[in-house]
Structures are given as C-alpha cells and as structure tokens.
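Undergrad: Structure, please.
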Amino acid sequence: MKKIILLCLLPFFLTSALRGQHEVQSLDGDWKFQLDPDSAGCSSWHIGLPHHARTVTVPHTWNIEDGTEYYFNRAWYQKDVSVPAEWKNRQVRLHFDAVYRDAVVWVNGKKAGEHTGSGYMPFSFNVSGLLKYGENNRIVLSVSNAFGAYSFPYMDKFDWNNDGGIIRPVKLIVTGKPSIRYAHVCPDIDVAKRSAKVAVKIKTWENDVKKAVFTLTFAEYGSKRTVFTRTEELRAEDGIFTMETSFDNVKLWHFDDPNLYTLQVDVAVKGKTTDSYHTRFGFRKVEIKGDQFFLNDEAVRLPGIEYMPGSHPAYGMAEPAEVFSTAVRRMKDLNCVITRFHWQQDKRMLDLMDECGILVQEELPWWQKPSDLSSEMETLAAKQLDEMIERDFNHPCIFSWGISNEVETNTDRDNYRRLIAHARRWGGNTFVTIVSCIITHALADDPALLADIPTWNDYEGTWHSKSNETAANALQNIRDKALNGRPLFVTEAGLCEPANVGGDARRIVDMTYHYNLWAKNKFIFGCIYFCLTDYRTHMGESGEGRYRQRIHGLMDQRFGVKPSFAVYKSLAAPLYFESVQQGVEGKHADVVVAVKDNLPSYTLRGYKLIWKTTSGAMNELTLPDLKPGEKHKMTLTGISPDEKPFIQVIRPAGYIVVEY
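TA: Numbers count the residues shown, from 1 in each chain. I've put the predicted structure just below:
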C-alpha cells in the first residue's frame, strides 16, 4: 500500500505593532452604515454615505439585527481614518480578514479593488497611492450578501447562516518595500530522533524583487526562548525565496501537548530592513498506512465534534474572540480532539485550535450544489483553495483541506481531480479530502475515493433511512466494496430536530448506537459528531429571525448544556474507572483506571489523577504513560471510608477527562 506522509503547520499574525518596519493599525470599531435595497447609492455613495447613516461596530453583520434578519442585499460602510504624514514614503495595505460576501472598496472616492464570490477569506489592496498623508482619509465599502450563482457558498444551497457585512477584523498594514506576503514552514520530521529538516518558503508582495537579505529567527512560542537566528542572501526562483535549515530537540505538536514555535522573518535591501513578518507553526506529522491513521508515528483513533460558527444569536458571523474561546474549550471538555468546518474559518479560531490541541479539516463552502462546475466556478474554487491554503498553511491543527461536502453523484470527476491536484501543488503538508454522504450506494464510484481519505456522513436512521439498524450493513458494504484496504473517516452524524422527532432523549440513543458501531470497526480512524450547539441557518426548521436554527446540538445556541453532552463526553473519554474500592479499616481507596483501545485509541502521556482528602485538600499524582488497552492500579490515601470519594483524571492542559 502506498504511504501518504504529510506534515502541517501555519501563520499566526500579530495584531499589535511588530518590530522593525511593520506596523498594524486596527480599523475595528465605529463605522457608518447604510442599507441600500434599491442600489440607490451606486452612483455616489462611494464618495460618502448620506447623513442619516447610522453608526455600527465592526466586525458587524446586519442579519442579527431586528428587522433585517432576512435582508440579503446591498449595504454600505464608511470609516474616516487619520493617516500620519510619516507614512508617505512607505507601503500601506488595506487588509480585510473577511467581508461577506461581494465587496467593492473605495479610498477617497477612488476604487481600490473588489473581492467577490468568496466571503470567508482575507483580501487586501495596496492603497499607498490613494491616501492623503497627514490628513483624514475616507474608506467606503459596498457589500452584498444577495444569493449568487458566482459564489461559494452557491445560491441559497448551504446549511448555515447568510450573514452579510464586515464580519471579521480590518486593519492597515504599513511596511517598507519589499514586504513579505507569506513565509511557509515546510518540515521533514524524524519523530524517533526528534529532529527536522526545514525549508522556509517566502514570497514578497512585490514580484519584481529578485534578491534580498533575509534574517530568520525561530523561538519557542510558550517560553519565548530563541532557538536560533540565521541571516542569508536569497535569490527568488519562480517568485519564491527558500531558506533551508535543520532542528534538533524538536518539541512535537500533539492534541495533548500542543507545542508551538514562532518565526520572525526580517527582509533587508542594501542594509535597510524593510519589513518584519511574524508567523507561528508547529512540528507534527500525519500519515496513512493501510487502514490506519498515524499522528507522530503513533496509530490513533480520534473522537470529534463540529461547531458551526455564527450560531450565537447575539453576534452571528461577527462573533468576538470570547465566543470562539468558549466553543473551543467546550470541545475539549467533551474529550474531542478532531473537527471539521464547512467553510473557511476566522484565523483567531484556528489559532485557538493550535493552542488547545484540536485537529482540523478546513473546507471550501461547496455544499451539495452546484453538482457540476462551470469553468468560471472551477476557477473560483481554485482561487478559494489558494486563499485558504496560503493563509492557513502553517497551522499545525490543520490536517486536511476539504474540496466539497455532500455534492451529488453526477459531479464531473475531472472537476475533482483538477482541484485535488491544485491543492496538492502547495506541498504535501496536509491531506486533501472530499466529504461524501453517498458512499453507501456509490461504493467504488464514490468521489471521496479520489482524495486521500475516504469519508462518510453517517445519517442512517435519520436523513438516509428509517432505522439505525441499516448502519451495520452499510459499513460492511463500504469496507468490502469501496475502501480497498483504506481507512474511513466518519465526517458527520447526528440528529436534527424538529425534522426528526424524539428530542435529546432520542439523540442520546442514536448517538450511542452509532458511536459504539464505529468503535467496533477499527478501519474507522475518527468520527465527528454534528454538532456542538444548535446552529443558526436560513434553512432552519425552528425559530424565526436571528433565532432561526436547526436543533442539532449537544448544547443550545448560547452554550447551555443538554443531557446528551455528558453522554458524548463519556463515549469520547480515552479511559474510565474500572474499579474504586474504599478501604474499610483505613482511609484509602484502591483505584484502577483502564485505557480504551477502540474509539478513542491513543497513548496517554502526562495525565494526572486528582482526589479530595478528608481534610478537604486536593492531592494529585501523575499517571505513567499508558498505551491503549493498558490498566493502572493505585492507592489513594486520606479518603474517608464513609463518603463517596471525589476523583478526577485531568489532561496535561487541565481539561477533565472523567470524574468519579
């Protein structure tokens, strides 16, 4: 069987001023705003909005505001910005993390550029020649979230919200020339030796720069300890500057030990530093051998959960960082270590995935429609892939790029082959996948088999059949007639109410049945339950306005816990208490913990056991490294024979795995 070996890492852009010749000025906060249902502003509002325009706070979406929840049309934003005189001989880029969806930008009444068909990816324009230095400057945007045939997501064929606006942060980036567009870290890791050979691929914004001096400074992210610094004059080949180096004593990134590194790249011409660029990355290796998935040379089976950002009704797609943080913490509370996203995410969310330790499949928002892509739409899909991979290349959390989700069987396979090849041209840092819900009847002809990992959205008993009992035969057919010795990734499963009756009680029964079936089939390396919270969607069967939703979650939209939350947490826990026997004559308890060897299955390193003593103090001990299937017995002292003991097992990062 051919081995697929992949390594993944990526950017963490600082939002405050950076060292050297690189400044960042946030443009978040107050902007003028005006709806334009009749496109009356197209003739003159690029110069300035009418006096009755109101003030909103960016990031912003109008689709969570009373009266405009279903407004899918054009709106305008305006901000006046003071630009220092000393920026005059520097390079200024106006950068948007995301505007949903079709944006046209003007600076001081002159068009700076446009970004259309792609509402979740960053874009920027060099506005140096449009600014008035030492004066106020006016930035105006026209934004439309009207359903469109030239866009991903396509028309109204997607199952999440259609929130329009400047949904993510905005900034001015000020540098000299040349300036750095990206620096991708490409490692070849020897896990046994904890070493790596690394190529850093650097691209500047200026295509005419052929030679420059680069200084690379690597440091540990947590301790900020400098690992080493190297300076070298480089020449561009096909627009890319490459510096090669090596690392010893590498600290690997793992979902239980998410070690991160930073890279600062300083570029200089004729002895003058013109830009100072920062990114963050991690060393980790993923590989497929036969029907197993390996992380850092260890075969693992991983439980997961998906979160649908934009679901909090107070914020929508303009969610602040604290909502991202809550979502990621709750995913880890569930013992989940793998996830996927139906569309490209805010980089702040991916930064948290890096820091907390969750593997991510990030996807194009191509869901069900269109089935075949015109040449224009395939070009747009390739453009979105480029935008996504360029930005997110260094994130160690990302193990897979997703091309599409649940698209029909009659899709032109050559569309897929070309897009898979397009993604792979960026390098072997991640898998490429296609998410399927049709493998049960397409079998060997399923489009998911064209990519690196076969996938299945398992809705037997809900959307796809009337009984859970069909799932066992479906899995056997998939294994025998489609996989050809490869693994299977269950990318989605869950219960949607009120489309399916029974409430959370049925959710628990459905979830438990499917999860136990997946656990028995060892060729399934991972599963993603859908989903963490009930989610906002224009397709929702429940609620109205900003509360229109699908009730699909283990939590409500505001992170209120349902009973199913605790059930899934238990299923996804990597170990359990096999026995707890309290001493009759002495103040102690004999405890045996057992590590699962089904789903999940991975080695436990650095886990701790904590218990409460009769004095009320909390004692702890560090468990030895425990492999799947192993057990460990210990005696806990200071426990009353007359009261039920309080015992917890904690992950290295502090998340509670199980408690007694």
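Undergrad: and the gap between the residue sitting furthest away from the middle of the chain and residue 641?
TA: In the chain, counting by CA atoms, centre = their mean, residue 585 sits farthest out from the average C-alpha position, at 52.9 Å. Distance of residue 585 to residue 641, computed by CB to CB, to the nearest Å: 8 Å. Just so you know, the C-beta spots here come from the backbone N, C-alpha and C atoms, and that holds for glycine as well.
Undergrad: Show the model's pLDDT score for the closest residue to residue 474 other than its chain neighbours.
TA: Excluding its sequence neighbours, the residue lying closest to residue 474 (CB to CB, 6 or more residues apart in numbering) is residue 440, at 4.6 Å. Per-residue pLDDT puts residue 440 at 93.
Undergrad: Could you count how many residues lie near residue 440?
TA: Applying other CB atoms under 10 Å, we find 24 residues neighbouring residue 440.
Undergrad: That one sits in which helix or strand?
TA: helix 439-442 (DSSP states H and E).
Undergrad: Quick one: distance of that helix to the chain centre.
TA: Here helix 439-442 is found 28 Å from its chain centre; the criterion is CA atoms, centre = their mean, to the nearest Å.
Undergrad: what's the following helix or strand after that helix?
TA: Note on helix 439-442: by DSSP H and E, the next helix or strand toward the C-terminus is strand 455-457.
Undergrad: Burial check on the closest residue to residue 197 other than its chain neighbours, number of neighbours?
TA: Distances taken as CB to CB, 6+ apart put residue 188 closest to residue 197, at 4.6 Å, once the chain neighbours are dropped. Look at residue 188: counted by other CB under 10 Å, it has 14 neighbours.
Undergrad: try residue 516
TA: Neighbourhood size, residue 516 [other CB under 10 Å]: 12.
Undergrad: cool, and residue 400?
TA: Counted with other CB under 10 Å, residue 400 comes out at 26.
Undergrad: Same question for residue 480.
TA: 10.
Undergrad: quick one: it and residue 525, what's the gap?
TA: In terms of CB to CB, residue 480 sits 18 Å off from residue 525.
Undergrad: Following element in sequence after the lowest-mean-pLDDT helix or strand in the chain, please.
TA: Within the chain, confidence by mean pLDDT, DSSP states H and E is lowest for strand 4-7 among all helices and strands, at a mean of 36. Counting by DSSP H and E, the next helix or strand C-terminal to strand 4-7 is strand 22-26.
Undergrad: Given that following strand, what are its sheet partners and their directions?
TA: strand 170-175 (antiparallel) (DSSP bridges).
Undergrad: export the strand it pairs with as CSV, just CAs?
TA: C-alpha atoms of strand 170-175 as CSV (Å, rounded to 0.1, in the frame of the first residue of the first chain):
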residue,chain,number,x,y,z
VAL,A,170,-10.0,45.2,9.4
LYS,A,171,-6.5,46.8,9.5
LEU,A,172,-3.9,49.0,7.8
ILE,A,173,-0.6,47.3,7.4
VAL,A,174,2.4,49.6,6.9
THR,A,175,5.8,48.4,5.7
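Undergrad: How far does that strand sit from its chain's centre?
TA: 24 Å.
Undergrad: returning to what we had before: buried ones in the helix holding residue 440?
TA: Residues of helix 439-442 classed as buried by neighbour count (16 or more other CB atoms under 10 Å): 439, 440, 442.
Undergrad: Give me the residues contacting it.
TA: 409, 436, 446, 448-449, 454-456, 460, 464, 474, 477-478, 482 (CB atoms under 8 Å, 6 or more residues apart in numbering).
Undergrad: Separate out the buried members of those residues.
TA: Neighbour counting by 16+ other CB under 10 Å classes 436, 446, 448, 449, 454, 455, 456, 460, 464, 474, 478, 482 among those as buried.
Undergrad: which intervals of this protein have sub-threshold pLDDT?
TA: For the chain, the stretches flagged by pLDDT under 70 are 1-20, 409-410, 428.
Undergrad: can you give me the helices in it?
TA: 321-333, 347-356, 375-392, 413-424, 439-442, 470-478, 503-520, 563-572 (DSSP state H).
Undergrad: Which of the ones you listed has the highest mean neighbour count?
TA: helix 347-356 (a mean of 22; mean count of other CB atoms under 10 Å).
Undergrad: so residue 173 makes contact with residue 90?
TA: No: at 10.3 Å, residue 173 does not count as touching residue 90 under the criterion of CB atoms under 8 Å.
Undergrad: Quick check on those two: which one has the bigger neighbour count.
TA: residue 173 (20 against 17).
Undergrad: Show me what that one bridges to in the sheet.
TA: Going by DSSP bridges, residue 173 is paired in beta bridges with residue 24, residue 93.
Undergrad: With the one 10 residues further on instead?
TA: Here residue 183 sits in beta bridges with residue 202, going by DSSP bridges.
Undergrad: Do I have it right that it meets residue 202?
TA: Yes: using CB under 8 Å, residue 183 is in contact with residue 202, at 4.8 Å.
Undergrad: And the two? Which one has more around it.
TA: Each of residue 183 and residue 202 has its neighbours counted (other CB under 10 Å); residue 183 has more, 24 against 21.
Undergrad: From residue 276, how far out is the more buried one?
TA: 11 Å.
Undergrad: Report the set of residues contacting both of these two.
TA: Contact criterion CB under 8 Å, 6+ apart; residues shared by residue 183 and residue 276: residue 265.
Undergrad: just how off-centre is stretch 83-97 within its chain?
TA: 30 Å.
Undergrad: Just the terminal-to-terminal distance for it.
TA: 21 Å (CA to CA, to the nearest Å).
Undergrad: buried set for it?
TA: Buried-residue list, stretch 83-97, by 16+ other CB under 10 Å: 83, 87, 90, 91, 92, 93, 94, 95, 96, 97.
Undergrad: Apart from its neighbours in sequence, what residue is nearest the last one?
TA: This means residue 97. Nearest residue to residue 97 in three dimensions, chain neighbours excluded: residue 168, at 3.5 Å (CB to CB, 6+ apart).
Undergrad: for the third one, same thing?
TA: Closest residue to residue 90 in three dimensions, ignoring its sequence neighbours and counting by CB to CB, 6+ apart: residue 174, at 5.4 Å.
Undergrad: now the one you found: how far from residue 108?
TA: Taken as CB to CB, the span from residue 174 to residue 108 is 17 Å.
Undergrad: Out of these two, name the residue with the larger neighbour count.
TA: Neighbour comparison, residue 174 and residue 108: the larger count goes to residue 174, with 22 against 17 (by other CB under 10 Å).
Undergrad: quick one: the strands in the stretch 201-350 of the chain?
TA: 211-220, 226-235, 241-247, 253-254, 257-258, 261-269, 272-281, 285-289, 292-295, 298-300, 302-306, 338-341 (DSSP state E, counting those that start in this stretch).
Undergrad: Just put those in CSV and tack on distance to residue 389 and mean neighbour count.
TA: Output for these, formatted as CSV (distance: least, CB to CB, whole Å; neighbours: other CB atoms under 10 Å):
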stretch, distance to residue 389, mean neighbour count
strand 211-220, 21, 18
strand 226-235, 22, 12
strand 241-247, 17, 16
strand 253-254, 19, 24
strand 257-258, 21, 19
strand 261-269, 18, 21
strand 272-281, 14, 22
strand 285-289, 16, 19
strand 292-295, 21, 20
strand 298-300, 24, 19
strand 302-306, 21, 26
strand 338-341, 14, 25
